[in-house]
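J.: I would like to see how this sequence folds:
(3 chains)
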Amino acid sequence: MCKRPTFRLTLLTLALSLEGAAFGAVLAAAVALVRAGEPLDGTDPVLQAEGRRVEMIQRVGPSVVCLFDRNQRGGGSGVLIDAEGYGLTNYHVVAAIVEAKGGLAGLSDGKLYDIEVLGTDPTGDVAMFRLTDAGPFPYASLGDSDAVRVGDTAVVMGNPFTLSEDYTPSVTLGLVTGVHRYQKGVKGNLTYTDCIQVDASVNPGNSGGPLFNAAGEVIGITGRISVNTRGRYNVGVGYAISSNQIKRFIPAMRAGLLARHGTLQATVDADNEGRIVFNRVAADSNAEKAGIHRGDRLLTFDGVPITSGNHYASLLGTYPADWPVPIEIEQEGQRRTSIVRLDAVNPKLKTPFVPDRDVNIRAVERVLRAFAKATLGSADARRPMGWKWTVVREFTQGAAGTAKASECYEMSQTGDGPVRMQRRYEDGSPGPMITYDDHTATQRVDATSEAFDMAPDVGMVLSSLYVMQRWMLEPVETIDLTKVSHVGADRSVGEGSRDGAILNVLGWPVGRNAAAKFGLDTQSGRLLQLRVRDVPSGADATVDFLDYRSVGGITWPHRIEVRGAGLEYRDVLSNVELTP
Amino acid sequence: MDRRTNVRIILVAPFALFAVGITVGQSREIDEYAVLRASQERFRAVAAKLRPSLVRIETVGGAQPAAPAPREERKPPDPDEEGPPPPPRLQNPFRDDPGSEFVVADGPTTGLMYSADGYIVTSSFNFVREPELISVTLADGRRVAADLIARDQVRKIALLKIDASGLTIPEWRTVDAVQVGQSAIALGLGFGGSDPSITVGIVSALNRMRGNAIQTDAKLNPANYGGPVCDIEGRVIGICVPMAQRAGELAGVELYDAGVGFAVPKHRLDAIVKTLRTGTSVYRGWLGFVIDPRVPDAVVIRNIAEPSPAQAAGLRPGDKITGADGQPIRHFGQLVQAIYMIPAGEQVVLQIERDGVEFSAPATLARSSELGPLPALSEPFDPAAPPPPPPDEQEEP
Amino acid sequence: MAFLLAPVAALGGGFDRAIDAVVPRVVKLYGLSVGSQPGYGTGVLASPDGLVLTVLSLLIDARRVRAVTSDGTFYEAEVVRRDPSRQLALLRLKPPDHGGEAAASRDPVGPLPYFDLKCGADATREESLRPGDWVIAAGNPFKVAEGAEPASIAHGVFSARTELDARRQVKEFPYRGDVLVIDAVTSNPGAPGSAVVDVEGRFVGMIGREVVSNLTHTHFNYAVPRDVLCEFFNEATDAMPRAASAAIASPSEGTVDPGIRLTRTGYRNIPPLVDRVRRGSPAEAADVRKDDLILSLNGKNVANAEEYDEQLRSVPRDRPLDLVVRRGRSIVAIHIEPEKQ
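T.: Sure thing, here's the model as predicted:
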């Protein structure tokens, strides 16, 4: 283990770097005190503003691509969002490419690259593609579109009128002129919900290209314009799908899936006093199952107070199918919030969408690699062969009606062996020992003085956790992924769901009868959530992994919360040991 | 650690805090409102700096270019239809049609003094009507008659000459010193008045129209065609002209005010003026063949005019064009893009595939007036009918 | 120097003052749609109790014209005055009739945010707005904004002040006065009536009716200047609209006759060539000669004899004439003093 650097050495290094910065800052401060109105020099604020803009465009411009079909026909734009060459564009740009079987992307280096279309979101008019060559490629990062305000800088890049002969994008500048706009689509597709309106020049050919903010972050994908009688030309009203909406669909698109949008199967209208009220709730919908009825007043949708039917439709259109959304209603004078998972909208397609298994596997591997890196520090780190910790389990809703009970266990597993749960009573004496073996999918209770009735949910949870351990133990390349699929995106529903992390969801059958969905954070790679369902009984449980802490270089959750039908408890871990 | 180092740390530490304070403070102090107000003064300073070199051009007489097709009552187009708008259909594939249904109005237009001996550059758009009289009003109010020396139909530049002294020429900035994203200020005198109109945008791209144009999103239109596009310090970076990737003197005017505009940069302008000064006009170049629209993913010659550059180059019906000047060609639009900016008299090297054999065929483009008729074909085929538009213009993408 | 490269927004945030001033002071209008004219538009709040300035369009002829303020409140609007020569209209907001309650019992409208159009009686044409100044427009093009949603903005630079004159051959558009040319696209359905402010938030004009030139088929992007709006707004609210601009004098006042006779061959569209100069006329005194080709009269180009006549008719009797003619290869400016009465 390395020695820590000495305090003195650290301070010296710090001082030297600060000294340099200090000198520079004082010089710059003196220079900046020169008044404006002098001949244009490097300190002129107008020149400086221009310089910042030029620098931003030079920095992110190379991430913008010109998209064509394989005969280099047609014209659309796209933007690369990671170094491996994954990119975003409009669905209507790639729809033609998919039919022509393959397309091309022109990059600012002047070369054409083959592209593969991955998953698509036809309802929301977004799609993902990938440069099939090896990278690394220049890319741009996605910004927070909810932070965008009217009057902000809007920079549009793309290939209007297929003017680019060297594949460098055309850049146009304007302002954000409207936010949270709603532009209805064509036959249910290409609807732009909660979109950003700009007056930067957007013309045919710009479709699929990025909208940047002043910092050079992608805040939208431009794809629609309003036109007047002069023809299909920019008239100062362009629309971009917001980046925050797109982020919810990226996991499914990366995985080569058809990303469906969500619906509540319920409509609202304003009553005579201007209050928003549900006027229709479809039978058998998730909303109905959550207890929402016709006549209930809609207060907030995902934390946002709803002001009109349009507002509701516009906001609803930004979510994927199965997304958990807290809905606050007023029902018979009482306010309550239910978390409802949205039903699915099936887009009308000319040809049915066929998911590509290879694309999906690649997405699964990517998620597992990120998971390994997030947990172990790197994909190549030494994996723990065993683990051990003490867990205090607090039941908030117990099995067999027990409320607020608390139990203590010592849990451990070594190598490939079974998971052991040793009950400890408050006086330290041991209770029953439960062992769970995934290979045989059996659990045994070491009967001493008590019979231990284990609910099926607990078994599912244990076996899923076991699966997670196996991922930890084995390098990604050796894991048998034939049963694993990337099934799309989800959101961890914590306090303030609007800020809940977007998750990559891997689907995995566990045990004999259960299906598990592992939700891993798209940002950090960590496992945040697990949803398990026992197919025969229909019982399901959700597990949240929280309070990640470092244990000998491995990042591990120290709090696990389980919620299921009739079961709710919290595990707080301590004395975590991960044995190499 | 020795004492010196210790002392150094002590001395630097408060300084360091000061520096951090300045750094953090500075980055929040950029007042965008003040920048906007200062930029307004800069735009006016640019107009004032350029004014002495701007001329107002007025013409008398002349006719409208060839009558466009009658204009049907316009419905608003379907906004959800995507893809570039289809270019207007041409009556005859080899004729120098106006290229647009626009009608040129009278009214003043803009020019820029090119040299102190009285040469003025402007846009050939302003001379589509072939006027009888050209009058130029200088910034100091002097009004002089001007001669039209020659026109470059491809880069849309016209050269005038006046006989006057005490002329001011502007400062230029060459394209290698221009960057995408910098301000672009276009000035024009087309609204009448003695002060130029000002429109502000940015440089959108540096290399467009086969290197003949810088692209800007400033609002370019007949009021400023022929005038300068300048940088924030009042140096001219190009002359505004309408341009499009197809033939026609008015091609490109449909992009007026659309935020896609073109300016011819200095090095190109110098080369153009060098030719025009001799009185030699530059014309659109044609090859003189029509393609077979029945072949979807290749460019195959269907018929060749006699005489024509295609004939002189030894091309035959059935030949497949696979490349032009080193660029691979997979469909007709690419061929157009490869040759639309090549004037008559200049050469393109075509890559041809015939009966499985590939060979190069250099061809010198010619004016449309130098092309003969297309011979009759055994199968009925109307060469005047425009080829059906490529699939991306027809279907909903 | 990390801070010099700090990613701070340029051209963003700087317009906040203007946006905050203009958006609350426009109303979205909904009325009658006729043919290609849309049934929606914008209006500018001109008084705290609900006077609204807008363009004269068919939408205000609806039986019920609705106006929505930026906070989402719905009003009805009635027409107070129409001005066909300037193509402007003044509306007044009334509280909407919800349950059939009597008009008198409804709450009065206001106080609403508004732009003060009371430019003094001696309002001059002098504008503080200069070419190169940024402007922000707020309105409802394409009715993108619904209900309480904020109006759309657009930004651009004031390009030039010019006349919307006959030369542009705009169909059915009587207004021939000054307009502010803006380099934003303003000619969109729903945009007419949008308020335009400068970067400080001061009101400078209102986007006028969509104008498409019959001649060039191009849309023209402009705003009606504040001083013209002030004139309209401050006129006495009686039934008859004021006569059009004094620049166009009525023929009965008598027009000038400098003593020039042009070549007339009976064909249309011939250039204005001087055929004869009357002896003893002001033109002779000013040395107008036979075969002079008249290029412009009082600063307006005349392309043919008809235009020359039309221009001449608009000049009152006792005013001088400034001609610019081509004589041989030179261009000559001639000033003709009127005949002494």
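
J.: got the residues of the stretch 51-200 of chain C near chain A?
T.: When proximity is defined by Cβ under 8 Å from any Cβ of the partner chain, the stretch 51-200 of chain C lies next to chain A at C:72, C:141-142, C:144-150, C:152-155, C:184-185, C:187-189. Just so you know, the C-beta spots here come from the backbone N, C-alpha and C atoms, and that holds for glycine as well.

J.: Now the buried members of those.
T.: Neighbour-count burial (16 or more other Cβ atoms under 10 Å in any protein chain shown) is assigned, among these, to C:141-142, C:144-146, C:148-150, C:152-155, C:184-185, C:187-189.

J.: mind listing which of those residues are in strands?
T.: Secondary structure from DSSP state E places C:Ser152, C:Ile153, C:Ala154, C:His155 of these in strands.

J.: partners of the first one in the sheet?
T.: Here C:Ser152 sits in beta bridges with C:Gly139, as judged by DSSP bridges.

J.: Just give the closest residue to the most centrally placed residue in chain C, not the sequence neighbours.
T.: Chain C has C:Val224 as the residue nearest its centroid, 3.4 Å off, counting by Cα atoms, centre = their mean. Nearest residue to C:Val224, sequence neighbours excluded (Cβ to Cβ, 6 or more residues apart in numbering or on different chains): C:Gly208, at 4.7 Å.

J.: so how many other residues sit close to that neighbour?
T.: 29 (other Cβ atoms under 10 Å in any protein chain shown).

J.: OK, contacts around the closest residue to chain A within the stretch 151-300 of chain B?
T.: Closest approach between the stretch 151-300 of chain B and chain A, counting by Cβ to the nearest Cβ: B:Gly259, at 2.5 Å. The contact partners of B:Gly259, by Cβ atoms under 8 Å, 6 or more residues apart in numbering or on different chains, come to A:Thr172, A:Ala200, A:Ser201, A:Asn203, A:Asn234, B:Gly201, B:Asp217, B:Lys219.

J.: hang on, the earlier thing: please identify the helix or strand for the residue nearest to the centre of chain C.
T.: Using DSSP states H and E, C:Val224 sits within strand C:222-225.

J.: so how far is that strand from its chain's centroid?
T.: How far strand C:222-225 lies from its chain's middle: 5 Å, per Cα atoms, centre = their mean, to the nearest Å.

J.: Contacts for it, please.
T.: Here strand C:222-225 makes contact (Cβ under 8 Å, 6+ apart) with C:86, C:88, C:127, C:135, C:137, C:161, C:164, C:175, C:178-182, C:186-187, C:196, C:204-208, C:211.

J.: Mean confidence (pLDDT) on it, please.
T.: Average pLDDT, strand C:222-225: 94.

J.: May I have the helix or strand following it as PDB, with CA atoms only?
T.: Next along the chain after strand C:222-225, taking DSSP H and E as the criterion, comes helix C:226-234. C-alpha atoms of helix C:226-234 as PDB (Å, rounded to 0.1, in the frame of the first residue of the first chain):
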ATOM      1  CA  ARG C 226     -43.700  54.400 -32.600                       C
ATOM      2  CA  ASP C 227     -44.300  58.000 -33.800                       C
ATOM      3  CA  VAL C 228     -46.800  56.800 -36.400                       C
ATOM      4  CA  LEU C 229     -48.500  54.700 -33.600                       C
ATOM      5  CA  CYS C 230     -48.500  57.700 -31.300                       C
ATOM      6  CA  GLU C 231     -50.200  59.900 -33.900                       C
ATOM      7  CA  PHE C 232     -52.900  57.300 -34.400                       C
ATOM      8  CA  PHE C 233     -53.300  56.700 -30.600                       C
ATOM      9  CA  ASN C 234     -53.600  60.400 -29.800                       C
END
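
J.: In terms of secondary structure, what does helix C:226-234 contact?
T.: With contacts defined as 3 or more Cβ pairs under 8 Å, 6 or more residues apart in numbering or on different chains; DSSP states H and E, helix C:226-234 has these neighbours: strand C:51-55, strand C:88-94, strand C:203-207.

J.: got these as a markdown table, with mean pLDDT and mean neighbour count columns?
T.: Below are the helices and strands packed on helix C:226-234 laid out as a markdown table (pLDDT from 0 to 100; neighbours: other Cβ atoms under 10 Å in any protein chain shown):
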| stretch | mean pLDDT | mean neighbour count |
| --- | --- | --- |
| strand C:51-55 | 95 | 26 |
| strand C:88-94 | 94 | 23 |
| strand C:203-207 | 96 | 27 |
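
J.: can I get those strands in a markdown table with distance to A:Pro418?
T.: Output for the helices and strands packed on helix C:226-234, formatted as a markdown table (distance: least, Cβ to Cβ, whole Å):
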| stretch | distance to A:Pro418 |
| --- | --- |
| strand C:51-55 | 79 |
| strand C:88-94 | 78 |
| strand C:203-207 | 76 |
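
J.: which SS state does A:Val98 fall under?
T.: helix (DSSP: H, G, I helix; E, B strand; the rest coil).

J.: hmm, I was thinking of B:Ala34
T.: Quick answer, by three-state DSSP: B:Ala34 is helix.

J.: Do I have it right that it meets A:Pro45?
T.: Yes - using Cβ atoms under 8 Å, B:Ala34 makes contact with A:Pro45 at a distance of 6.4 Å.

J.: Show me which of the two is the more surrounded one.
T.: A count of neighbours by other Cβ under 10 Å puts A:Pro45 above the other of B:Ala34 and A:Pro45, at 19 against 13.

J.: And that one, how close does it get to chain C?
T.: Applying Cβ to the nearest Cβ, to the nearest Å, the value for A:Pro45 to chain C is 9 Å.

J.: That residue and B:Val178, how far apart?
T.: 21 Å (Cβ to Cβ, to the nearest Å).

J.: what's the answer for C:Ile336, then?
T.: Plainly put, C:Ile336 is 50 Å away from B:Val178 if you go by Cβ to Cβ.

J.: More neighbours: which of those two?
T.: C:Ile336 (23 against 19).

J.: show me the contacts for the more buried one.
T.: By Cβ under 8 Å, 6+ apart, the neighbours of C:Ile336 are C:Pro258, C:Pro282, C:Ala283, C:Ala285, C:Ala286, C:Val288, C:Pro320, C:Leu321, C:Asp322, C:Leu323.

J.: try it again with 10 Å
T.: C:256, C:258-260, C:281-288, C:297, C:319-323 (Cβ atoms under 10 Å, 6 or more residues apart in numbering or on different chains).

J.: Could you measure from the residue in the stretch 51-200 of chain C that chain A sits nearest to over to chain B?
T.: The stretch 51-200 of chain C approaches chain A most closely through C:Val185 (3.8 Å), counting by Cβ to the nearest Cβ. According to Cβ to the nearest Cβ, C:Val185 and chain B sit 6 Å apart.

J.: Show me what residue of the stretch 151-300 of chain A gets nearest to chain B.
T.: Closest point on the stretch 151-300 of chain A to chain B, by Cβ to the nearest Cβ, is A:Ser201, at 2.5 Å.

J.: Could you check the pLDDT of that residue?
T.: So A:Ser201 comes in at 97 (pLDDT).

J.: Same check on B:Ala139?
T.: 95.

J.: ok, for residue 233, nearest residue in space, not its chain neighbours?
T.: Unless you meant another one, I'm taking chain A. Excluding its sequence neighbours, the residue lying closest to A:Tyr233 (Cβ to Cβ, 6+ apart) is B:Ala258, at 4.3 Å.

J.: Actually, chain C is the one I wanted.
T.: If the residues on either side of it in the chain are set aside, C:Phe233 comes closest to C:Leu117, at 4.3 Å by Cβ to Cβ, 6+ apart.

J.: In contact with that neighbour, which residues?
T.: Going by Cβ under 10 Å, 6+ apart, the list of residues near C:Leu117 reads C:44, C:46-47, C:51, C:53, C:123, C:203, C:206, C:226, C:229-234.

J.: Having no further points to raise, I will conclude here.
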